[in-house]
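J.: Provide a 3D model corresponding to the input given below.
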Amino acid sequence: MGYLTALARTDLSGDLNYSERNIVEKLFQTFTMRIGRFHETWNGSQASAERWLTAYTAYYNHFRSHQALDNEPPIRHAKSAGAI
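T.: So this is what the prediction gives:
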């Protein structure tokens with residue numbers, strides 16, 4: 001799924017307010033860049049890639065602080081906000 005599909009599914013493709021659209025486009029640009037870097041440097045097996053991605057996801061959601069979330073990890077922020 002590309003960013004144009006994501007924009008269409010979120011009704012942002014024809015929006016004159018480009019702030020949300022720019023966020024979606026920047027997110028896909030970042031994903032594309034990181035996936036490209038990953039493919040250029042990874043020389044392990046599929047199983048080791050799955051282990052690495054699982055560990056990174058856990059780190060990103062449970063331990064890494066996010067400036068937009070008052071420097072809390074997403075899970076801790078969601079719990080304090082009552083979302084979980």
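
J.: Please make it C-alpha for all contacts and neighbour counts, starting now.
T.: Noted.

J.: Relative to the whole chain's centre, how far out is the lengthiest helix in the chain?
T.: Identified as the longest helix of the chain according to DSSP state H is helix 18-41. Helix 18-41 sits 9 Å away from the centroid of its parent chain (C-alpha atoms, centre = their mean, to the nearest Å).

J.: try stretch 66-77
T.: Its chain's C-alpha centre and that of stretch 66-77 lie 14 Å apart, by C-alpha atoms, centre = their mean.

J.: Flag every buried residue along it.
T.: Using 16 or more other C-alpha atoms under 10 Å as the test for burial, stretch 66-77 gives 72-77.

J.: Make JSON lines from those residues and add pLDDT, secondary structure and distance to residue 37 to it.
T.: Written out in JSON lines, the entries for these read as follows (pLDDT from 0 to 100; DSSP: H, G, I helix; E, B strand; the rest coil; distance: C-alpha to C-alpha, whole Å):
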{"residue": "72", "pLDDT": "90", "secondary structure": "strand", "distance to residue 37": "27"}
{"residue": "73", "pLDDT": "90", "secondary structure": "coil", "distance to residue 37": "25"}
{"residue": "74", "pLDDT": "90", "secondary structure": "helix", "distance to residue 37": "25"}
{"residue": "75", "pLDDT": "90", "secondary structure": "helix", "distance to residue 37": "27"}
{"residue": "76", "pLDDT": "90", "secondary structure": "helix", "distance to residue 37": "29"}
{"residue": "77", "pLDDT": "87", "secondary structure": "helix", "distance to residue 37": "30"}
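
J.: how about the residues you listed in CSV, adding distance to residue 50?
T.: Listed next are those as CSV, based on distance: C-alpha to C-alpha, whole Å:
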residue, distance to residue 50
72, 26
73, 22
74, 21
75, 21
76, 24
77, 26
